[in-house]
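Peer 1: Everything below, folded, please.
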Amino acid sequence: MYDWVPVLDSEKERVKRLGFDIEEHEPGARFNLPCPRLNGCHCTIYPERPSCCRTFRCKLLKGVEAGAVPPSEAMAVVVEAKSMIDELRPMLKADVRTNLGRHWAKLFDDWRNGPPEGRTDASKSQLILRLTALNRLLDRHFRLNDQPWMTEE
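Peer 2: Now for the predicted structure:
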């Protein structure tokens, strides 16, 4: 869903010791996603994870915690999102699979602004449609209004 995670100045050294490559960017330090300490859906440093990971709550989790979304409904949305991502993986080039947010805007612009015959290519069109559907689902259920999912660098 995101390209990077901010790191507090007070945690930079500790996060580096946990195996993260910290980059200095404006407005501060961060590490790139996907998380290098994630093994499938399992955090390998859960008890020691950075505060940004401890405090993060997506829109769906906030809804569950507030009692507005039943846990079974939330799990169905998570399963749907994972299924959509799994369907996309074979359609993506290897370099795009790990940094989808960084490449999404370029993929879409190249498709939209390319020659008309490029927009009729079935595989490209399917990729754009599936990426769009995934991003709509993520916006609707996971991303908060103040959480940008993609940055242009």
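
Peer 1: ok, and for the longest helix along the chain, which residues are buried?
Peer 2: Longest helix in the chain, counting residues (DSSP state H): helix 122-141. Across helix 122-141, burial judged by 16 or more other CB atoms under 10 Å covers 124, 127-128, 130-131, 134-135, 138, 141. To be clear about C-beta, it is placed using only N, CA and C from the backbone, and glycine gets the same treatment.

Peer 1: Which one of the residues you listed is nearest to residue 24?
Peer 2: Taking CB to CB as the measure, residue 24 lies nearest residue 138 of those, at 27.8 Å.

Peer 1: And the pLDDT at the closest one?
Peer 2: pLDDT, residue 138: 88.

Peer 1: Now do the strands in the chain.
Peer 2: Assigned strands in the chain, in chain order: 4-6, 23-24, 29-32, 38-39, 42-43 (criterion: DSSP state E).

Peer 1: in the longest one, what's buried?
Peer 2: For strand 29-32, the neighbour count (16+ other CB under 10 Å) marks 29-32 as buried.

Peer 1: Export the residues you listed as TSV, with columns for pLDDT and distance to residue 54.
Peer 2: TSV is the format used below for the buried residues of strand 29-32 (pLDDT from 0 to 100; distance: CB to CB, whole Å):
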residue	pLDDT	distance to residue 54
29	90	17
30	90	16
31	90	15
32	85	19
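
Peer 1: Pick the one among these closest to residue 110.
Peer 2: residue 32 (22.6 Å).

Peer 1: what's the domain layout of the chain?
Peer 2: 4-55, 59-141 (automatic domain parsing).

Peer 1: In this structure residue 53 contacts residue 38, no?
Peer 2: No - Residue 53 is beyond contact range of residue 38, at 10.0 Å (criterion: CB atoms under 8 Å).
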